[in-house]
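**Student:** generate a structure from the sequence data that follows.
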Amino acid sequence: MKLVGISGAMAGDKTSIAVNDVLVAAQQIDLSIKTELIDLREYEIDFAIGAPLADYNNDTINVVKKMLNADFLVFGTPIYQASISGALKNLFDLLPENAFKYKVTGIVATGWSNKHFLVPEYQLKPILSYFKGLIPTGNVYIHNDAFNDNSEEIIDRSISDRIQKLANEMIYLQKGIQNR
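**Tutor:** Numbers count the residues shown, from 1 in each chain. The predicted structure is shown next:
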């Protein structure tokens, strides 16, 4: 199985670190899982204009194809102005309606305010559901205080436990889909 993680942050490392932690946790649970991190900062994704995918640049085409070819995915977003990142929303605008059919789609989010923990629930879950993604029962919201100021690694053990549980549930659900 191939698990692709998408970090929708255009600045900072926290969201990318959180998504990567899910990928690492998944590989520790099942060594046969192949993972790939797509950090949107490393790509020049075209602005979605409603054109066919072939009309966009190579980075855009490659990222969309990697997502469509993944068995399951985990999405990470920073919370800006009580919303998901514009870069992640733009990426979603490039996808076909059934992009995540028969795929588990996990969620991690990072932010400065504890008041934003419901943004993934009320904004990202409906988007993933629209694309026919199967969404695990839990998502992981990480307040910026949970990161080490110097290394930016997650130092809050409860967050690490929640990441482990998310990876476990995602694998369990995806295996269930593939074994039906």
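
**Student:** shouldn't Gly5 be within a helix?
**Tutor:** No. Applying DSSP: H, G, I helix; E, B strand; the rest coil, one finds Gly5 to be strand, outside a helix.

**Student:** buried ones in the longest helix along the chain?
**Tutor:** Longest helix of the chain, by residue count under DSSP state H: helix 157-178. For helix 157-178, the neighbour count (16 or more other C-beta atoms under 10 Å) marks 159-160, 162-164, 166-168, 170-171, 173-174 as buried. Quick note: C-beta positions are derived from backbone N, CA and C, even for glycine.

**Student:** and if you look at stretch 27-37?
**Tutor:** Buried, per 16+ other C-beta under 10 Å, within stretch 27-37: 33, 35, 37.

**Student:** try stretch 121-128
**Tutor:** Buried residues in stretch 121-128 (16+ other C-beta under 10 Å): 123-125, 127-128.

**Student:** and stretch 144-160, by the same measure?
**Tutor:** For stretch 144-160, by 16+ other C-beta under 10 Å, it's 146-147, 154, 159-160.

**Student:** closest one of these to Asp71?
**Tutor:** Ser160 (24.2 Å; C-beta to C-beta).

**Student:** tell me the contacts of the closest residue to Lys132 other than its chain neighbours?
**Tutor:** Excluding the flanking residues, the one nearest Lys132 by C-beta to C-beta, 6 or more residues apart in numbering is Lys101, at 4.0 Å. By C-beta atoms under 8 Å, 6 or more residues apart in numbering, Lys101 lies in contact with 131-133.

**Student:** go on, Val64?
**Tutor:** Val64 neighbours (C-beta under 8 Å, 6+ apart): 53, 56, 91, 94-95.

**Student:** could I have the buried ones of these as ChimeraX selection syntax?
**Tutor:** Per 16+ other C-beta under 10 Å, the buried members of those correspond to this ChimeraX selection:
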select :56,91,94,95
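
**Student:** format the contacts of Val64 as a markdown table; extra columns: pLDDT.
**Tutor:** Supplementary listing: the contacts of Val64 in a markdown table, determined by pLDDT from 0 to 100:
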| residue | pLDDT |
| --- | --- |
| Leu53 | 96 |
| Tyr56 | 98 |
| Leu91 | 98 |
| Leu94 | 98 |
| Leu95 | 98 |
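
**Student:** out of the contacts of Val64, which sit inside strands?
**Tutor:** Among the contacts of Val64, no residue falls in strands (DSSP state E).

**Student:** wait, which of the contacts of Val64 is closest to Phe117?
**Tutor:** Nearest to Phe117 out of the contacts of Val64 is Leu91 (C-beta to C-beta; 22.5 Å).
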